[in-house]
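Colleague: Take a look and give me a structure for this.
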Amino acid sequence: MPQQQLSNQLAGQKKSHGVNYKRFRRWITQRSSSEGPVASTPVAPGGQCDPSFEFDTVCKRLELESPPRVHEQEHKVPQRNPPDASAVGDGSVAVVPLTTTNTTQHCARGWSDAEKSPEQQVTWVWGAAVQAQGNPQLAGSDGKRPDLQAFDILNNACTNVQGQSVMTLGAPSLLNDYYTNLLDCSCNGMIALALGSSVYLWNSETRSLVGHFEPSPDPGQLRSETLSISCLCWSRDGRALCIGNRRGEMQLWDVDHKHSMRNLRTHLSVVSALSWKQQLLSSGCALGHIHHLDPRAPTCVVGAAVQKGSICSLQWSPGDDRLASGSTGGLLHIWDNDITGIKRSRQPVMTMEQPSAVKALGWCPWQRHVIATGGGWKDGELRLWDTQSGSCLTSANTNSQICSLRWADKKRYLVTGHGLPHHQVTSWKWEFPSLRRIDQLTGHFQRVLHLAINPDNTHIFSAGADQCFHIWDL
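Modeller: Here you go, the predicted model:
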């Protein structure tokens, strides 16, 4: 009888208040459940994390030498499509963070890769040099071959013809991304080139492949695209190479002993730029965060800053007294050398602006306060800035996208790599106040994404989206 009265009462409530009976019963069941109501805590994914969230964690790590490890339940966050950072008028696509799982766990546990769970560990292995013999010819007008191996000789010129490359080598799987920095030459003449998820070392003196290192294959699982290298940079002494990838991870590699020294995970998004200041390493990511790291310390983060817009270039000045950072929004920021500690109020000492992303960037070696920048395809302007006054000293219209930029200090030249329409490498002579074009080198079929110059300033090395690596006489 009481059960019948309860049913009648619920039915009456349903009619009087318009409440669905099934919904009402489900609500009663949830309230009476021992597990409590079902709820979810909003957690920002890696690519859309609020800047203050990461900085709060950095502050805690800096204040405590050995904080207790926090064990918490893993929250799986659905992947979302981050905002397109390429909509800045340079005609390129920027791949923004793919790491969207266990974000809070990474932040709470700290920055040491040793604290990561086993399934998140990335083991790198060294591979001996295997270079194909012969002189394979290019197949097709795009310069690509399906069986092309890294640093295969595609063309070896017998004589040096003005405006033509001395040698052309293969660079298969080179990522066609304007916002990557995948080529660098050490003070010892060792070329590091990232192809996909592997990094190849090539001796520019002997012109021979030394070897490569890459993530160890996971049995039964395809190599993830998130492991693709996004940037790399040699240390000042040429003994260590730092590599950043799309999952926000960085790895230091001891090239002399061919082993990994340390894994660093301080970013929640793509590591887009790296620069050394003696033994300290500065890194920038797609969320606009700049981290200053001391790889020798147990707690490696020693300072941090933040800027608006994704970072696509980062470089310390030759005197280590200024740091330049370029954003996808066209802002060039100049920071002082006070890098210790976390200061949310920290502001750059100078900011300049151009119409497109500040990707191509380089300090003048003999004029310590002068920096050069190149514009995207909607701009195409090569500019020299005075970082003390914030004024543009001189500029030259190249009528093409400027993808890369390097200074040759011994020749006192400036070298730029371009996209459409000619995909050329151009050398410039700066004699204040004029900026004069010296030579134009053609041979790439697609845009010249990366440039490097050997220590003697005798050769230019260029890597293009056509998956070719060229050597030019400077």
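
Colleague: and S92, what pLDDT?
Modeller: With respect to pLDDT, S92 has a value of 45.

Colleague: swap in A357?
Modeller: With respect to pLDDT, A357 has a value of 96.

Colleague: looking at this, it is in a strand?
Modeller: No. With DSSP: H, G, I helix; E, B strand; the rest coil as the criterion, A357 is assigned coil and is not in a strand.

Colleague: I'd say it and L331 touch.
Modeller: No. Applying CB atoms under 8 Å, one finds A357 not in contact with L331, separated by 9.4 Å. Every C-beta, even on glycine, is put in place using the N, C-alpha and C of the backbone.

Colleague: Settle it for me: which of the two has more neighbours?
Modeller: A357 (31 against 18; other CB atoms under 10 Å).

Colleague: Distance of that one relative to S310?
Modeller: A357 sits 9 Å away from S310, going by CB to CB, to the nearest Å.

Colleague: what's the overlap in contacts for these two?
Modeller: Common neighbours of A357 and S310 (criterion: CB atoms under 8 Å, 6 or more residues apart in numbering): 179, 327-329.

Colleague: could the residues you listed go into TSV alongside neighbour count, distance to T426 and secondary structure?
Modeller: TSV is the format used below for the shared contacts of A357 and S310 (neighbours: other CB atoms under 10 Å; distance: CB to CB, whole Å; DSSP: H, G, I helix; E, B strand; the rest coil):
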residue	neighbour count	distance to T426	secondary structure
Y179	27	21	coil
S327	24	25	strand
T328	30	24	coil
G329	19	26	coil
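
Colleague: As a markdown table, these with distance to L154 and pLDDT would be great.
Modeller: What follows is the shared contacts of A357 and S310, written out as a markdown table (distance: CB to CB, whole Å; pLDDT from 0 to 100):
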| residue | distance to L154 | pLDDT |
| --- | --- | --- |
| Y179 | 27 | 96 |
| S327 | 36 | 96 |
| T328 | 33 | 95 |
| G329 | 38 | 94 |
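
Colleague: Can I get those in a markdown table including distance to T299?
Modeller: Output for the shared contacts of A357 and S310, formatted as a markdown table (distance: CB to CB, whole Å):
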| residue | distance to T299 |
| --- | --- |
| Y179 | 29 |
| S327 | 28 |
| T328 | 30 |
| G329 | 32 |
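
Colleague: Need the max-distance pair from those.
Modeller: Y179 and G329 (12.6 Å; CB to CB).

Colleague: what sits in contact with each of the two?
Modeller: Listed as contacting both Y179 and G329 by CB under 8 Å, 6+ apart are 310, 357.

Colleague: Now do stretch 236-255: distance from first to last residue.
Modeller: End-to-end distance of stretch 236-255 (CA to CA, to the nearest Å): 13 Å.

Colleague: I misspoke; the intended subject was stretch 417-432.
Modeller: 22 Å.

Colleague: same check, this time on stretch 461-472
Modeller: Stretch 461-472 has an end-to-end distance of 6 Å (CA to CA).

Colleague: Same check on stretch 171-190?
Modeller: 16 Å.

Colleague: What of stretch 423-436?
Modeller: For stretch 423-436, the first-to-last residue distance is 19 Å (CA to CA).

Colleague: Please identify the buried residues of it?
Modeller: By neighbour count on 16 or more other CB atoms under 10 Å, the buried set for stretch 423-436 is 423-428, 430, 435.

Colleague: got it, and stretch 185-200?
Modeller: Neighbour-count burial for stretch 185-200 [16+ other CB under 10 Å]: 185-186, 189-200.

Colleague: which of those residues lies closest to K378?
Modeller: Distances from K378 to these, taken by CB to CB, are shortest for A194, at 27.3 Å.

Colleague: How about the contacts made by that closest one?
Modeller: Neighbouring residues of A194 by CB under 8 Å, 6+ apart: 174-175, 180, 182-183, 200, 229, 232, 243.
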